[in-house]
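> Quick check, what structure comes out for this input:
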Amino acid sequence: MTIQDDKNNTDGFKDLTFKYEGPKWDAHVHLYKLDDVREFVKYSQGYNVQKMTAIVREDWKTYEKEFPERFVFARFIMSQDLFKGDIKAVVNDLQEMHDSGYPIAKFWYAPRWRKYVDEKYQANIEGFRIDNLDLDPIFSKIEDLGLTLLFHISDPDIFYDTKYQPTSYYGTKNQHLEEFENIVSRHPNMKVIGAHMSGQPEHLNDLGKWFEKYPNFYVDTSSAKWMVREFSYDPDGTTEFFVKYQDRIMFGTDIVTGRADREPIPGYYYKRYLSLLALLETDVRDLPLPVEDPENNNKTVINGLDLPMNVLRKIYWENAKQLFG
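From the prediction side, this is the model:
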């Protein structure tokens, strides 16, 4: 399959022209079964994705042996110890992570986390805040070790209005963003990546203020549905934002290898690639998103940003190369 084949198989994409032909670094993917990773890597090469930042659960060497120098690896922080109140265990785990060769620690703090922790660990989450000073040794350890922190904070506004009710249980978006900002501000020497535009593609003015205050702070564009939905409401304003903060934004897809529960492979891959490329590189208007978006009644359309070539080069490759080496 080629990009043109994928475009021909996707309504409305056949005649689109993607202008960037350089290398891409996907700064946010998830790797699981090795057989699925093989298929994904082969497919990503058709989109000139030469490097990826990969979040894994297994030992990173499993993937490195098969695909030398293709990935930079992140591993999840062991949250069960955190929620049991065993801060020492988390700190020791971070040391082991560093000693095992991981340069990036990933923390998942989406609002769904509360239900997950409640059901899996029977942990008391009432009043929990990730910025609690009792937890600060965790982030100090990340900073001391020189690890980069990849942090999933918050979720789409539309989720808070529908899925995350009552707020007494899930909390509010403003609260979650406040918690994260407190962590970033306390640790100015810790490189921090806010996954999914740090949960703020709906609020780029607020995100810009973070960029102005915290030179150690970066974001990725992962999640095709979320980014397309929000950026397409105001493509001109979004383009201005990307140009202004072009040094702090990295291309990312959030593709999870082997995830055929959304749509069969390879559609799961190419529909996300095509959607993000159309968003970033073209001036298309009102192109229906080829990925189902039931939270928006499947009305999401792509209004392209048509970013300048020098900005695309930074977002697709140079920023990640500089940050991850």
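> Every contact and neighbour count from this point should use C-alpha atoms.
Will do.
> Show me what the helix or strand of the chain with the lowest mean pLDDT is packed against.
For the chain, scoring each helix and strand by mean pLDDT, DSSP states H and E identifies helix 79-83 as the least confident one, at a mean of 73. Applying 3 or more C-alpha pairs under 8 Å, 6 or more residues apart in numbering; DSSP states H and E, one finds that helix 79-83 makes contact with helix 87-99, helix 112-121.
> and those helices, which one's lowest on average pLDDT?
Ranked by mean pLDDT, the helices and strands packed on helix 79-83 end with helix 112-121 at the bottom, a mean of 83.
> Kindly export that one (C-alpha atoms) in CSV.
These are the backbone C-alpha positions of helix 112-121, laid out as CSV (Å, rounded to 0.1, in the frame of the first residue of the first chain):
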residue,chain,number,x,y,z
ARG,A,112,-10.9,7.9,33.8
TRP,A,113,-8.0,7.1,36.1
ARG,A,114,-10.2,7.6,39.1
LYS,A,115,-12.6,4.8,38.2
TYR,A,116,-9.7,2.6,37.0
VAL,A,117,-7.9,3.0,40.4
ASP,A,118,-11.1,2.6,42.4
GLU,A,119,-12.0,-0.7,40.7
LYS,A,120,-8.5,-2.2,40.3
TYR,A,121,-6.8,-1.2,43.5
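> ok so, going back, may I see the helices and strands packed on helix 79-83 arranged in a markdown table, with distance to residue 318 as well?
What follows is the helices and strands packed on helix 79-83, written out as a markdown table (distance: least, C-alpha to C-alpha, whole Å):
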| stretch | distance to residue 318 |
| --- | --- |
| helix 87-99 | 25 |
| helix 112-121 | 33 |
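> how about CSV for these, with mean neighbour count and distance to residue 105 added?
Formatted as CSV, the helices and strands packed on helix 79-83 follow (neighbours: other C-alpha atoms under 10 Å; distance: least, C-alpha to C-alpha, whole Å):
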stretch, mean neighbour count, distance to residue 105
helix 87-99, 17, 8
helix 112-121, 14, 17
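> what's the closest of the ones you listed to residue 213?
The closest of those to residue 213 is helix 87-99. By C-alpha to C-alpha, the value is 27.0 Å.
> Need the residues that contact the closest one.
Applying C-alpha atoms under 8 Å, 6 or more residues apart in numbering, the external contacts of helix 87-99 come out as 75, 77-79, 81-82, 105, 135, 137-138, 141-142, 145, 147.
> Show me which positions of the following helix or strand past that helix end up buried.
Sequence order places strand 104-109 as the next helix or strand after helix 87-99, per DSSP states H and E. Neighbour-count burial for strand 104-109 flags 104, 105, 106, 107, 108, 109 (criterion: 16 or more other C-alpha atoms under 10 Å).
> quick one: contacts of strand 104-109?
By C-alpha under 8 Å, 6+ apart, strand 104-109 touches 55, 73-77, 94, 97, 142, 147-154.
> Report all helices and strands that the helix or strand where residue 181 lies contacts.
Using DSSP H and E, residue 181 falls within helix 173-186. Here helix 173-186 touches strand 148-153, going by 3+ C-alpha pairs under 8 Å, 6+ apart.
> How far away from the center of its chain is the helix or strand following the strand it packs on?
Going down the chain from strand 148-153, the next helix or strand is helix 157-162, by DSSP H and E. From the chain centre to the centre of helix 157-162 is a distance of 19 Å (C-alpha atoms, centre = their mean, to the nearest Å).
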